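**Q** Quick check, what structure comes out for this input:
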Amino acid sequence: MNSSDTVVAGLDSELGWVREMYTHLHRHPELSLKEHQTSQLVQEKLTAFGYKVTRIGGTGVVGVLTNGTGPTVLARADMDALPVTEATGLPYSSEVDGVMHACGHDVHVSTLLGAAKLMADNRGAWSGTYIALFQPAEEVGAGSKAMVDDGLITKVPRPDVALAQHVMPFAAGTLATTAGPVLSAGDSLKITVHGMGAHGSMPHMSVDPVVLASSIVLRLQTVVSRETKPGDFAVVTVGALNAGTTSNIIPDRATLRLNIRTYDNQVRSAVLGSIERIVKGECVAAGSPQEPEFEYYDQFPLTSNDKSVTDQVTEAFTAHFGADTVSRATPQTASEDFSRIPDAFGVPYTFWLLGGVDPDTYQAAVAKGTVSRDIPANHSPLFAPVIEPTLSVGIQTHVVAAMTYLTKDA
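**A** Presented below is the predicted three-dimensional model:
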């Protein structure tokens with residue numbers, strides 16, 4: 001029996017409380033930066049396990065378990081829920097109106113707590129320092145920044161490596177890893193353009209911001225189709241265009257809300273620069289009386305896995321779970337803010353994907369070619385990871401990944 005097997009040998013005896021924790025969190029979801037009850041529960045558990053616990057970044061919680069000399073490993077879980085009304089019909093559905101764990105962060109919290117308990121109970125199998133970090137406000141891209149701004153890198157030991165996982169809509173019991181980009185950078189952008197208001201019957205007296213905004217929307221379609229190199233990835237979506245209140249008044253301004261996704265920081269900078277250039281140019285062409293305004297928000301960094309760390313963790317996963325269980329992850333256009341934490345420390349990281357769909361249900365959808373239709377994705381009101389084997393595999397992944405670095409020398 002290797003060291004990872006020694007640590008997870010007691011898993012079955014822990015699954016009862018882990019499942020209770022998961023269903024409790026699912027029933028009582030909390031929105032970003034309001035994870036007060038969740039944080040308290042996490043703090044109580046980590047303290048009971050023997051960790052030194054620190055609150056960082058408001059509702060953020062970090063537990064540190066020092067166990068002799070050796071490397072330091074940081075494992076992270078996010079805690080916040082979404083403003084979504086649950087429609088799963090589960091017996092443990094959300095009891096909070098309009099709020100739901102529709103992205104699986106209740107899985108993340110529960111599995112990291114389970115791993116933290118196993119690591120604490122089996123200190124004879126490893127040496128070093130294990131850090132369990134529970135982050136708030138991932139959904140709005142603010143939680144990792146809040147922790148870093150609150151002095152995270154001075155309040156806990158510097159890790160040698162950082163680890164995280166995310167439950168996704170593929171077969172439970174399976175994992176996916178990849179080196180390089182695994183989640184896109186994400187930027188939301190509010191643009192305000194200015195015109196001159198007038199009566200609808202007197203358009204010659206106006207600078208019409210509706211026409212201006214419409215020209216911008218059309219021109220923005222060329223950012224990807226004509227300005228981004230074929231083979232490079234970028235998405236530019238105009239999700240909202242708002243102007244005016246009635247039919248016979250030409251308004252004096254319009255607002256657009258954009259969402260941008262990229263897998264490369266140079267492409268990201270180029271796309272954002274192109275958007276600003278196009279908007280300013282269209283405003284000049286329309287005779288806009290003042291400069292447009294750009295407001296960036298809900299910004300997420302690129303998640304790009306270190307090759308060496310990913311290769312080592314993937315090899316450990318394959319040895320523990322079997323080659324048929326571990327596949328190569330396709331980069332996702334979803335975004336995360338986890339990477340701000342290892343980037344703040346200046347350390348490498350890997351972020352892997354954990355399946356959460358009933359395997360038979362998933363395979364049936366694959367066979368019919370109906371995965372996108374029949375398998376609810378993250379953020380859906382129907383998103384409902386199966387409890388098993390999602391939780392037990394999720395706990396083991398954290399242990400196996402950490403033990404890649406913390407195993408005692410023979």
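**Q** and the residue nearest to residue 33 when sequence neighbours are not counted, how many residues sit next to it?
**A** Setting aside the residues directly before and after it, residue 33 is nearest to residue 137 in space (C-beta to C-beta, 6 or more residues apart in numbering), at 4.8 Å. (C-beta placed from N, C-alpha, C; glycine too.) Burial of residue 137 is recorded as 25 neighbouring residues (other C-beta atoms under 10 Å).
**Q** likewise residue 181?
**A** 17.
**Q** what residues does the helix ranked longest in the chain touch?
**A** Across the chain, the longest stretch assigned as helix under DSSP state H is helix 265-286. Contacts to helix 265-286, defined as C-beta atoms under 8 Å, 6 or more residues apart in numbering, come from residues 185, 187, 189, 191, 193-195, 207-208, 211-212, 215-216, 219-220, 222-224, 227-228, 232-234, 236, 258, 260, 262, 291-292, 294, 302.
**Q** so of those, which ones are in helices?
**A** Here DSSP H is the test, and the contacts of helix 265-286 give 211-212, 215-216, 219-220, 222-224 as lying in helices.
**Q** Now for residue 371: which residues touch it?
**A** With the criterion set at C-beta under 8 Å, 6+ apart, residue 371 makes contact with 169, 362, 365.
**Q** how does it look with 10 Å?
**A** Under the criterion of C-beta atoms under 10 Å, 6 or more residues apart in numbering, the contact list for residue 371 reads 169-170, 357, 362-365, 377.
**Q** Could you measure from residue 23 over to residue 384?
**A** Here the criterion is C-beta to C-beta, to the nearest Å. By it, residue 23 lies 12 Å from residue 384.
**Q** Which one's more surrounded, the two?
**A** residue 384 (23 against 17).
**Q** Next up, the contacts around the closest residue to the more buried one other than its chain neighbours.
**A** For residue 384, ignoring the flanking residues on the chain, the nearest one in space by C-beta to C-beta, 6+ apart is residue 88 at 4.3 Å. Residues touching residue 88, when contacts are defined by C-beta under 10 Å, 6+ apart, comprise 26, 94, 100, 102, 376, 380-384.
**Q** out of those, which are buried?
**A** When burial is judged by neighbour count using 16 or more other C-beta atoms under 10 Å, the buried members of the contacts of residue 88 are 26, 94, 100, 102, 376, 380, 383-384.
**Q** so which of those residues comes closest to residue 339?
**A** Distance to residue 339 across these (C-beta to C-beta) is lowest for residue 102, with 22.3 Å.
**Q** So what does the closest one look like in phi/psi?
**A** phi -90, psi 0 (degrees, to the nearest 10).
**Q** tell me the pLDDT at the residue nearest to residue 33?
**A** Predicted confidence (pLDDT) for residue 137: 97.
**Q** Just the element for it, please.
**A** Taking DSSP states H and E as the definition, one finds residue 137 inside no helix or strand.
**Q** Name the residues contacting each of residue 23 and residue 384.
**A** Among the neighbours of residue 23, those also in contact with residue 384 (C-beta under 10 Å, 6+ apart) are 90, 92-93.
**Q** taking those one by one, which sit in strands?
**A** Assignment to strands by DSSP state E places none of the shared contacts of residue 23 and residue 384 there.
**Q** Please tell me which one of those residues counts the most neighbours.
**A** If you count neighbours using other C-beta under 10 Å, the busiest of the shared contacts of residue 23 and residue 384 is residue 92, which has 17 neighbours.
**Q** and residue 116, how far is that from residue 44?
**A** The gap separating residue 116 from residue 44 is 12 Å, by C-beta to C-beta.
**Q** Check residue 114 too.
**A** Shown here: residue 114 relative to residue 44, a distance of 15 Å by C-beta to C-beta.
**Q** Settle it for me: which of these two has more neighbours?
**A** residue 114 (27 against 12).
**Q** Confirm for me that that one is in contact with residue 395.
**A** Yes - using C-beta atoms under 10 Å as the test, residue 114 is close enough to residue 395 to be in contact (3.9 Å).
**Q** intersection of neighbour lists for the two?
**A** Common contacts of residue 114 and residue 395, defined by C-beta under 10 Å, 6+ apart, comprise 8, 11, 14-15, 18.
**Q** Of the contacts of residue 371 - the most surrounded one?
**A** Looking at the contacts of residue 371 with neighbours defined as other C-beta under 10 Å, the largest count falls to residue 357 at 26 neighbours.
**Q** so where is the stretch 101-250 of the chain shaky, pLDDT-wise?
**A** Low-confidence segments of the stretch 101-250 of the chain, defined by pLDDT under 70, are absent.
**Q** from the contacts of residue 88, which single one is nearest residue 346?
**A** Relative to residue 346, the closest of those is residue 102; by C-beta to C-beta it sits at 33.4 Å.
**Q** Now do the contacts for that closest one.
**A** The neighbourhood of residue 102, defined by C-beta under 10 Å, 6+ apart, consists of 29, 81-88, 94, 139, 376-384.
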